[in-house]
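S.K.: need coordinates for the below:
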Amino acid sequence: MLLLVGCAAPVFEGGELNRVALATVQQRTERAFGVALDAPLDIQVISRDQVREARRAESLRVYSDDALRAQLDAFTAVGIWPDGVGVEQAERAIEDQTAGFYEPKSQRLVLVRDTPIPWQILDRNAVREWVLSHELTHALQHQTHPDLFDHAEFFLGQSDLRRGLEGAIEGQAVLVATLSRGKRAAFPTPSVYATDMENFVAASAKQWAAVPALLRDTWYLPYVAGYRLAHAERNALLDDPPISSEQLLHADRRHQRFEAIDLAALRPWLPAGCRFVHEDSAGEVGLSVLLTDLAAQGDAPPAGAAEGWAGDRFLVARCGDRREFVWLLSWDSEADAIEFESAYAGVADAARLRAGLSGPQVVRRLGRDVQIASPALAPRSGDLFARVRRGRVATYDQLLAFFGESKVTQRMPGP
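M.R.: Take a look at the predicted model:
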């Protein structure tokens, strides 16, 4: 259990931020991080009923509504997201858990004055201090490692990369916020912290019952898995972050190379009447959610069927009013590919119904590769998959270079 004892000054006074408390927590955070903020930070205090609007406004500063809808449409096409559920609907459960957040685009820190705190915690001000330190850490991370924050358009089509980076960002912020407490807090081991988070998730299970599995089953992953890495690697984690959920989850694969896959060359070869919607990667976590979420009741997929992942990429199009897709998955071994192919067969019908496909998906295994295509694209899949570009990567720099993405060396100016 993370034990906290607050300082004398309350974080909030009269519903507003106490500047004395801010100065104290900021000084402790900068000392724990090893760097000072280079400019005063814009901080806004809001109430819980303003969280949705604030997060929505920041999201629209980064992505257009059309881009977000295209991403969810693509997730639905491959079976990972239920049809008709928007992000704003899915995030309602998160609102009650949100105590603060940092907005990279506007470079602003937002604190929620009235987030519920479990009754078992006697020193509630200490929790608010910890949250403030955690979000201040994100501002420091953005200052020192802008490359992890300022690739917004690129990140929208790199969901598995974002999970890895979020693990580094959130895990290191948990570490720094705890270190900033000094002797006022016990320093939890990764296993203790994971147990605390599991208990928290279990206690709030009812709030998450209607939330799509992709969000419900992964929102805490960056904190738990990321803290395990940060506990071992400290600030160096930001210099060489995990770039896949596999690298985030498995200590023995922390720097393992995998297949970066680019399907952009397929877009001009889509059949007439088809328009490109979105391209993305599911990763080990996304595949695990797919297999578990769509498994028939009482018929769980084989344990570890998503392990052995070595890269994946799917391209989604709209052909008329139908969703269509091609999906290339690479595996560490032929046995891993066979295991996934078998597990996917058990959920393919459910995925087809969720996506509204006109017929069954066509699945083909070639050695360590599994190719999946929806009905309208299956006849062209041979030509399409022949145009795939592939490369082996293990680091963030290598992945950016593969996709031709330039490094960001200083923070982009806010609005």
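S.K.: where does the residue most central in space within the chain sit: helix, strand or coil?
M.R.: With distances taken as C-alpha atoms, centre = their mean, Arg163 lies nearest the centre of the chain, 3.6 Å away. Following DSSP: H, G, I helix; E, B strand; the rest coil, Arg163 is assigned to helix.
S.K.: against Val211, how distant is it?
M.R.: Using C-beta to C-beta, to the nearest Å, Arg163 is found at 17 Å from Val211. For glycine as for every other residue, the C-beta is placed from the backbone atoms N, C-alpha and C.
S.K.: what does Gln27 give?
M.R.: Gln27 is 38 Å from Val211, by C-beta to C-beta.
S.K.: can you get me a residue count around Asp239?
M.R.: Asp239 has 11 neighbours, counted by other C-beta atoms under 10 Å.
S.K.: what residues are up against it?
M.R.: His145 (C-beta atoms under 8 Å, 6 or more residues apart in numbering).
S.K.: how about Phe149?
M.R.: Per C-beta under 8 Å, 6+ apart, neighbours of Phe149: Pro104, Gln141, His142, Val408, Arg411.
S.K.: by neighbours, which of those wins?
M.R.: For those, neighbours tallied by other C-beta under 10 Å; top is Gln141, 24 neighbours.
S.K.: how about the helices in the stretch 151-300 of the chain?
M.R.: Here the stretch 151-300 of the chain has its helices, by DSSP state H, counting those that start in this stretch, at 152-156, 159-179, 190-203, 213-216, 221-233, 236-239, 245-249, 283-293.
S.K.: can you tell me which of these is packed in deepest?
M.R.: helix 245-249 (a mean of 27; mean count of other C-beta atoms under 10 Å).
S.K.: poorly predicted segments of the stretch 1-150 of the chain, please.
M.R.: For the stretch 1-150 of the chain, the stretches flagged by pLDDT under 70 are 1-8, 89-90, 93, 118-122.
S.K.: could you dump the one helix or strand Ala54 maps to to PDB, C-alpha only?
M.R.: Per DSSP states H and E, Ala54 falls inside helix 51-62. Taking Å, rounded to 0.1, in the frame of the first residue of the first chain, the C-alpha atoms of helix 51-62 are listed here in PDB:
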ATOM      1  CA  VAL A  51     -13.800  16.800 -17.000                       C
ATOM      2  CA  ARG A  52     -15.500  15.500 -20.100                       C
ATOM      3  CA  GLU A  53     -15.600  19.000 -21.700                       C
ATOM      4  CA  ALA A  54     -12.000  19.800 -20.900                       C
ATOM      5  CA  ARG A  55     -10.700  16.500 -22.200                       C
ATOM      6  CA  ARG A  56     -12.800  16.800 -25.300                       C
ATOM      7  CA  ALA A  57     -11.500  20.300 -26.000                       C
ATOM      8  CA  GLU A  58      -7.900  19.100 -25.700                       C
ATOM      9  CA  SER A  59      -8.600  16.100 -27.900                       C
ATOM     10  CA  LEU A  60     -10.000  18.300 -30.700                       C
ATOM     11  CA  ARG A  61      -7.000  20.600 -30.500                       C
ATOM     12  CA  VAL A  62      -4.900  17.500 -31.400                       C
END
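S.K.: if you count neighbours, what's buried in the helix or strand containing Gly382?
M.R.: Element membership for Gly382, per DSSP H and E: helix 381-385. Residues of helix 381-385 classed as buried by neighbour count (16 or more other C-beta atoms under 10 Å): Ser381, Leu384, Phe385.
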